[in-house]
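[1] how does the following fold in three dimensions:
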Amino acid sequence: MAIVTITRGLHSGGEAVAEEVAKALGARCISSEVLIEAAKTFKVPEEKMLQVFEKTPSFWERMTESRRIHLAYIQATLGEYAKDDKLVYHGNAGQELLREVPHALKVRLLFPIEQRVQRIMEQFNYSREQAARFVEQIDDDRTRRMRYFYNADWRDPSRYDLCIRMERITPKVAAQMILDLTKQPEFRLSEEKAGTFQDFLIKCRIYALLAGAMVGRLSLITVSVQSGVVTLQGTLTSNEALIEELVEQIKVMEGVRSVNNEIVVGLVYQEWNV
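    Numbering: from 1, shown residues only. Reported below is the predicted structural model:
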């Protein structure tokens, strides 16, 4: 089948393309549903989860990692949706959330600004000036969020496999272009890619586990997975019993063959240059 991510401007009408592609593939078509499911699965207030992709992180959130924790939950949930290889995700950050999936087709739809302005004017009864400012604010906020989460610019064409300018292309034609690409070997799941895909799923599950158990310290741990072999690295001041308990939970995860625990538990020294 296929895994497709479609990035489109908010209030652009791009969901019609996603729905057309999903229908043709017989795949699940999701957007904000993944945020709601993540909130339910990891017992986080739905409002908090929805804010991850709706607002620029505050100074306090950048300091406390709260949004990175929620992002780990979202990525793990999206990975579970993708594991049956029948998924079309349209919305924020799909091209980054599933970047490590070797056969995922990452698409960006470029709608004219004026089309988005007109849709917002009609939907919210805004003046043209209000709608134009709204579009600019939405895109600026998304740019800041993506830089914070991934140090990447969502507008960069190199983040995508296909960019489609929608001025003269109908949703139906755009959908057909995407469907044609899903038939190519590069975007189909093969035996070789299956192992990499499984490693990605394992890593997502581990980060979600760590996010819940190590609040505020998630950035101190690095997780790598190669052919089911998990390697944990980092330096923590946490008690060793907690780390050992987490390692035992990781060992029984589906697809995990072994765990190399290279986390150092002890004092973290900081050198200061005065």
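[2] show me what the mean pLDDT comes to for the helix or strand hosting Glu20.
    Remark: Glu20 resides in helix 15-25, with elements defined by DSSP states H and E. Averaged across helix 15-25, pLDDT comes to 95.
[3] helices or strands up against it?
    Using 3 or more C-beta pairs under 8 Å, 6 or more residues apart in numbering; DSSP states H and E as the contact definition, the elements that helix 15-25 packs against are strand 2-8, strand 28-30, strand 86-90, helix 171-182. (Glycine included, C-beta is placed from N, CA and C.)
[4] make JSON lines from the ones you listed and add distance to Arg165, mean neighbour count and mean pLDDT to it.
    Converted to JSON lines, those look like this (distance: least, C-beta to C-beta, whole Å; neighbours: other C-beta atoms under 10 Å; pLDDT from 0 to 100):
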{"stretch": "strand 2-8", "distance to Arg165": "12", "mean neighbour count": "27", "mean pLDDT": "95"}
{"stretch": "strand 28-30", "distance to Arg165": "23", "mean neighbour count": "18", "mean pLDDT": "96"}
{"stretch": "strand 86-90", "distance to Arg165": "17", "mean neighbour count": "25", "mean pLDDT": "97"}
{"stretch": "helix 171-182", "distance to Arg165": "10", "mean neighbour count": "17", "mean pLDDT": "96"}
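[5] so which of the ones you listed gets nearest Tyr150?
    Each of the helices and strands packed on helix 15-25 was scored for nearness to Tyr150 using C-beta to C-beta, and the closest is strand 2-8 (12.9 Å).
[6] can you dump the C-alpha atoms of that closest one in PDB for me?
    Output of strand 2-8 as PDB, limited to C-alpha atoms (Å, rounded to 0.1, in the frame of the first residue of the first chain):
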ATOM      1  CA  ALA A   2       1.400   3.400   0.900                       C
ATOM      2  CA  ILE A   3       2.200   6.000   3.600                       C
ATOM      3  CA  VAL A   4       1.600   9.600   2.400                       C
ATOM      4  CA  THR A   5       2.000  12.900   4.300                       C
ATOM      5  CA  ILE A   6       0.500  16.000   2.800                       C
ATOM      6  CA  THR A   7       1.500  19.400   4.100                       C
ATOM      7  CA  ARG A   8      -1.000  22.200   3.100                       C
END
